[in-house]
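# Got a predicted model here, sequence first, then my questions.
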Amino acid sequence: MSHEERLINCFKNVFPELRDDEVRRATSHSVADWDSVAMVTLVTLVDEEFGLQMPPENFEEMMSFELFLAWIQESLHDA
Amino acid sequence: MKLGEAMSMLRAAPPATKGVSRWRLAASFEPLHLGTFLRACFRLIRPEEDLQVVGGAYGSLPANLEKAEGNPAEGCIVMMSWEDLNPCLSWRGNGALAGTRSAASLMEARQAAGRLTVLCRQLAVRQPVIFVPPLLPLPPFDMLQGSHAGAERAQMRLLVAEMTAELAVEPGIKCLDVDGLVARLPVRRLDLNQLLTSGLPFTTEACSALAKEIVSLMRPPEPLRGLVTDLDNTFWRGIVGEDGVDGIRWDLDGKAQRHGLYQRLLAVLADAGVLLAVASRNDPAVVEKAFQRNDLLINPCLFFPLEVHWGSKVESISRILAAWNIGAGHVLFVDDDEREIERIKEAFPAIHCRLFPPANVAAFDDFLVEIRDLFARGRLMAEDAIRAASIRSQAAYNACAEDFDEDRFHQSLNARLVITDTRRETDARSLALVLKTNQFNMNGRRPSEAEWAAALSRQNVVAFTFAYEDRFGPLGRIAVITGMVDDGVLTLEHWVMSCRAFNRRIEHACLAWLFEKTGVREIHTTALRTERNGAFFNVLDACGASGDCMIRRDAFLKARPELCFTFQSA
């Protein structure tokens, strides 16, 4: 499974009503349920799925699916 | 369980057909994922029910407890943190640390513990409470090494231990054994990053384990009722037919202490009312001699029946289940022979089986703990102490009944029913009977503790518990009837009776007493057929009930058999 597919699964656990294509376009502005609790849950799911602990200072920047994916790919590449 | 697995499981879970159980979670931290894990663990053991966890305002445990008291739910989980005793012990706050070591600070913590104890007790009057003492280590705000307990840490832990001990004796409070959980949870518990960013102090591993333990207190598994044990190389070390009565051992010197520990555990179980029986392929005369040894660690009279012969153990188990009058699903079979266990499992798929561990298995303590847990019950009741004796007396009763004309036999019983008004007396036994009775259960409804308490507090409700005794001995509290009286009609909501009380005309006596006590002309039973309550419907027919399960006084008086009972109000 690709990184993108694994991240889609994480997002769909938090936003189960979104389809795959909607998840790919998801941003904190476009998804009404994307609040601080959803954000913390996403970070925990990403940690479980990819073994990556996101530094708290990065939280505010992670405003979209795309940004999450980019951070994951960059972190895994660096590792 | 990982958080993603818990969320996926909840997403895929079928609709909850038995409704939603609403529990409050009172804590000074943000529960966040803990709520998700609680729901997931709850649905794992109760797939037909959902759990709603209602949180409180972040930051104040006392305020959350006061709020919970005013808004009762099915129950309340109270999770305590060190900072609830002293704000200086908070990881998120910036209180002055010097204060944590002063005598005044300890006094303040003691006062906080006292206040929380009072609030928990008040809360438990109206709803069940699960108390969770601090799970995390104390913050490193002292000058002692981690391995050095020191007076201050010991005093704080003592404070929590005393508080837990005080709460544990309250009937409505269950305390989580945090030390046990920590011992079973060899993972990091504190997630400081998460605590600082979101307010939840636990790692997801700790959350998952904690949720599993809390749910096991919310919905404890029904304890097993009987244990059938093998003898050779199980109850004792050796084969009594070959080694002789003096050659079998269960002591340290005989390298057989594991068998001694097993005997001691059986004695504890018997003391708590667990039924014990023996199924052994042996010469009965030899076993009888072995049971006369005065160094046994359990009185062999506590085993009933003794199935000792060279025949099949499947037949032995059949006869034991018949004597106990319980289903195989309530029984544990222990044997050292795997083939024997396979045969029993095949014949009784519902029975629980455990292999007595071979001598080379190190974790024998796990075996003992597992057996203890299968029979664990929160509180012992008077009925637990007399259950085994009453089953033994049932055999004498049956033998005697065969020799008499039925009416004459009942006249000779000196039967007595002691009736308790369950509305006035806090009585855990009445709800326990409603929850675990299958065969004589009017409708199979199983209320929660909160529903039971709420139902009994209504106006016009009647609720009685019946205790029975005759010349063969006491059976204890064996029947519960609740209902509502309105306009000369008693509409029953629950009517259950222990299977130990069958065939003694007790059901007729209960109805006769109810008609007399309430003065109603009709009793409407609201009976519902379940998979296992055929016994109830048989009785209904014998009480003159009409097709719509209504029992009219005149029809009952005509249909009932002769009753020779003494009634006494408790």
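In hand now; what should we look at?
# The residue in the stretch 51-200 of chain B that chain A sits nearest to: what's its closest spatial neighbour, skipping adjacent residues?
Closest approach between the stretch 51-200 of chain B and chain A, counting by CB to the nearest CB: B:Ser198, at 4.2 Å. C-betas here are computed from N, CA, C, even on glycine. Nearest residue to B:Ser198, sequence neighbours excluded (CB to CB, 6 or more residues apart in numbering or on different chains): A:Val40, at 4.2 Å.
# For the stretch 451-570 of chain B, just list every one of the helices.
Ranges of helices within the stretch 451-570 of chain B are B:506-518, B:534-542, B:553-559, based on DSSP state H, counting those that start in this stretch.
# Looking at those, which one is packed in the most?
Among the helices of the stretch 451-570 of chain B, helix B:506-518 has the highest mean neighbour count (mean count of other CB atoms under 10 Å in any protein chain shown), at a mean of 20.
# which bits of chain A sit near chain B?
Residues of chain A lying close to chain B (CB under 8 Å from any CB of the partner chain) are A:9-10, A:12-14, A:16, A:36-37, A:40-41, A:44-45, A:48-49, A:53, A:56, A:59.
# Give me the residues contacting the helix or strand containing the residue nearest to B:Ser198.
A:Val40 is part of helix A:36-50 when elements are defined by DSSP states H and E. Residues outside helix A:36-50 that contact it (CB atoms under 8 Å, 6 or more residues apart in numbering or on different chains): A:3, A:6-7, A:9-11, A:13-15, A:28, A:52-54, A:59, A:62, A:68, A:72, A:75-76, B:2-4, B:7, B:32-33, B:36, B:194, B:197-198, B:200, B:204.
# Select only the buried ones of the residues you listed in ChimeraX?
In ChimeraX syntax, the buried subset of the contacts of helix A:36-50 is picked out as below (16 or more other CB atoms under 10 Å in any protein chain shown):
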select /A:6,7,9,10,11,13,14,15,28,54,59,62,68,72,75 /B:2,3,4,7,32,33,36,194,197,198,200,204
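# now B:Leu192: how far from B:Ser198?
Distance, B:Leu192 to B:Ser198, using CB to CB, to the nearest Å: 11 Å.
# again but with B:Ala463, I slipped
The spacing between B:Ala463 and B:Ser198, counted by CB to CB, is 46 Å.
# next one: B:Leu302
According to CB to CB, B:Leu302 and B:Ser198 sit 54 Å apart.
# show me what contacts B:Glu406?
Contact analysis of B:Glu406 by CB under 8 Å, 6+ apart lists B:Pro561.
# again, 10 Å this time
With contact taken as CB atoms under 10 Å, 6 or more residues apart in numbering or on different chains, B:Glu406 is in contact with B:Asn503, B:Arg505, B:Pro561, B:Glu562.
# Separate out the buried members of those.
Among these, those buried by neighbour count (16+ other CB under 10 Å) are B:Arg505.
# Now distance to B:Val132 too, for the contacts of B:Glu406, in JSON lines please.
Below are these laid out as JSON lines (distance: CB to CB, whole Å):
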{"residue": "B:Asn503", "distance to B:Val132": "46"}
{"residue": "B:Arg505", "distance to B:Val132": "48"}
{"residue": "B:Pro561", "distance to B:Val132": "53"}
{"residue": "B:Glu562", "distance to B:Val132": "56"}
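# Look at the residue nearest in space to the middle of chain A and give its secondary structure.
Nearest to the mean C-alpha position of chain A, by CA atoms, centre = their mean, lies A:Phe68 at 4.6 Å. Judged by DSSP: H, G, I helix; E, B strand; the rest coil, the three-state class of A:Phe68 is helix.
# Surely it is in contact with A:Arg6?
No - between A:Phe68 and A:Arg6 there is no contact under CB atoms under 10 Å: 11.1 Å.
# tell me the pLDDT at the nearest residue to the residue nearest to the centre of chain A once chain neighbours are set aside?
Nearest residue to A:Phe68, sequence neighbours excluded (CB to CB, 6+ apart): A:Met62, at 5.6 Å. On pLDDT, A:Met62 comes in at 90.
# ok now do A:Met62, which residues does it touch?
Applying CB under 10 Å, 6+ apart to A:Met62 gives the contacts A:Ser28, A:Met39, A:Leu42, A:Val43, A:Val46, A:Met54, A:Phe68, A:Ala70, A:Trp71.
# Report the separation between B:Gly473 and B:Thr465.
B:Gly473 sits 19 Å away from B:Thr465 when distances are taken as CB to CB.
# Pick out whichever of these two has more residues nearby.
Neighbour count, other CB atoms under 10 Å in any protein chain shown: between B:Gly473 and B:Thr465, B:Thr465 has more, with 22 against 15.
# just the helices in the stretch 201-350 of chain B please.
B:204-218, B:240-243, B:257-271, B:284-290, B:313-324, B:338-347.
# just these: most buried one?
Each of the helices of the stretch 201-350 of chain B was assessed for mean neighbour count using mean count of other CB under 10 Å. The highest is helix B:204-218, with a mean of 22.
# Not including adjacent chain positions, what is the nearest residue to the closest residue to chain A within the stretch 451-570 of chain B?
Nearest residue of the stretch 451-570 of chain B to chain A (CB to the nearest CB) works out as B:Glu451 at 30.8 Å. The shortest distance from B:Glu451 to any non-neighbouring residue, by CB to CB, 6+ apart, is to B:Glu74 (7.7 Å).
# Distance check, that neighbour against A:Pro55.
In this view, B:Glu74 and A:Pro55 are 40 Å apart by CB to CB.
# Over to B:Ala389?
When B:Ala389 is compared with A:Pro55 (using CB to CB), they lie 67 Å apart.
# and the two? which has more neighbours close in?
Neighbour totals were compared for B:Ala389 and A:Pro55, and B:Ala389 leads with 16 against 8 (other CB under 10 Å).
# what secondary structure does that one sit in?
Strictly by three-state DSSP, B:Ala389 counts as helix.
# Quick check: bridge partners of the closest residue in space to it that isn't next to it in sequence?
Sequence neighbours aside, B:Gly473 is the residue nearest to B:Ala389 in space, at 6.2 Å (criterion: CB to CB, 6+ apart). Beta bridges link B:Gly473 to B:Asp470 when assigned by DSSP bridges.
# Verify the stated contact: B:Gly473 with B:Arg392.
Yes - with contact defined as CB under 10 Å, B:Gly473 and B:Arg392 form a contacting pair (8.8 Å).
# Show me the shaky parts of chain B.
Residue ranges of chain B with pLDDT under 70: B:57, B:95-103, B:424-427.
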